[in-house]
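*Asks:* Return a 3D structure for these sequence lines:
(one chain, ligands or ions: 1)
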Amino acid sequence: MSAKLDLVSASGIRRFFELIATTDGVISLGVGEPDFPTPNHISQAAIRAIENDETAYTSNYGLIELRESVARHLNRLYGIAYDPESEIIMSTGVSEGLNLATQALLDNDDEVLSPDPTYVAYMPNVVFAGGRFVTVPTKASNGFCLEAAALEAAITPATKAVLLGYPANPTGAVMDREGLEAIADVCRRHDLFVISDEIYDRLLYDGAEHTCIASLPGMKERTVLLGGFSKAYAMTGWRLGWVCAPQFITDAMMKVHQYVMMSAPTAAQFAAIEALEHGEEDARGMLAEYARRRKLVIKSCREMSLDLVEPKGAFYAFPSIVSTGLEDEEFAGRLLLEEKVAVVPGSAFGPGGRGHIRICYAQDYALLTEAMARMARFVHRYRAAVK
Ligand code: PLP
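*Replies:* This is a model prediction of the structure:
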């Protein structure tokens, strides 16, 4: 097999998921996807499309009506203007968008800087494109936000791009505007590209606000903005996202997309128009429920005396479990075996995740309550053993 693949191991999350699937009675706070079904009117739009024989490829870029809808959506939210004709590609999820961006921007051995802990797919995409993935540590004391000084210190002559994912998986961190402006300033001064995965941009709590980095001065021209439908509209299985960038980058990305994917799934694109045009209330309803669950998880972690940086976005909490005397892999493994609760060990997200676990609270409230009670029992048991 290709030597390139030796640099990448199978996803720690998926491995865990397989273990969960073969154990009875497990409550999963593991895999990061909404527990809600796709809102029915969105599904119906796809069903109608299929019944109307909309079953062929679309334009490589995606349906123009959908691209126009994405352009309006981003303009409304962030005041940023993308040309639907030339600056937006509908991709097979943000997952494909990451691949397009890295393939288009990177030459062999180009370095990409990314905050650690990091979403599991970032490193492999950089490696598949021939690049080198370089992590920049973040600190719990700074809310796991990327600091401009740390970013700048990691830049070398080989640095080509910065890969950001805020609101963050796994930490729930949200970069405030000031922090992001400082990052943007570093990127402009060192002439770096930015790949910004903003898939969780709608999942914000306690008054947190999302700043789209492409909307900052001088940034649109160097940014590949990734976003999508999976999280905000509970559409993970539809496999659809958007990739926005200046035309010189979309031209390059299109060379990859047209030969690898041809076009994003057609029925999903019809559903996506419905989501953007009429799905706001659904998105807000789900967000309100996530907010309720987030409170429960924060309260439970506090009661367990686990150190937790309050997550401001996405649907994850990332407490430290160091005080239990267990390594994170061991914690997650034993919690699964002894209490049948699945969480993801923080090390799966890079060295900066060590000593933490990721709790995904996109789970039914009653089940979440039960899972947190089981976890509390587990934590107290091990703490007692440590003492
Ligand atoms: N980016 C982040 C940060 C994610 O957490 C996920 C899924 O968990 C994805 C991208 C994948 O998104 P999509 O379903 O649009 O491919």
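
*Asks:* my read: residue 314 touches residue 172, true?
*Replies:* Yes: with contact defined as Cβ atoms under 8 Å, residue 314 counts as touching residue 172 (5.0 Å). Every residue, glycine included, has its C-beta placed from N, CA and C.

*Asks:* What helix or strand is residue 379 located in?
*Replies:* Residue 379 is part of helix 365-386 when elements are defined by DSSP states H and E.

*Asks:* Spit out the contact partners of residue 182.
*Replies:* Listed by Cβ atoms under 8 Å, 6 or more residues apart in numbering, the contact set of residue 182 reads 147, 148.

*Asks:* So for it, what pLDDT did the model give?
*Replies:* Looking at residue 182, its pLDDT is 98.

*Asks:* Assign it to helix, strand or coil.
*Replies:* helix (DSSP: H, G, I helix; E, B strand; the rest coil).

*Asks:* distance of it from the ligand?
*Replies:* Distance of residue 182 to the ligand, given as Cβ to the nearest ligand atom, to the nearest Å: 22 Å.

*Asks:* Neighbours of the residue of the chain found nearest the ligand, how many?
*Replies:* Per Cβ to the nearest ligand atom, residue 93 is where the chain lies closest to the ligand, at 2.5 Å. The tally of other residues near residue 93 (other Cβ atoms under 10 Å) stands at 24.

*Asks:* isn't it right up against residue 230?
*Replies:* Yes: shown here, residue 93 and residue 230 form a contact pair, counting by Cβ under 8 Å, at 6.4 Å.

*Asks:* Now the common contact residues for those two.
*Replies:* In contact with both residue 93 and residue 230: 240, 241, using Cβ under 8 Å, 6+ apart.

*Asks:* Next, residue 279: phi, psi?
*Replies:* phi -100, psi 10 (degrees, to the nearest 10).

*Asks:* Not including adjacent chain positions, what is the nearest residue to it?
*Replies:* residue 233 (5.3 Å; Cβ to Cβ, 6 or more residues apart in numbering).

*Asks:* go on, residue 99?
*Replies:* Nearest non-adjacent residue to residue 99 (Cβ to Cβ, 6+ apart): residue 125, at 5.5 Å.

*Asks:* Near that neighbour, how many residues? Count them for me, please.
*Replies:* Around residue 125 there are 25 residues (other Cβ under 10 Å).
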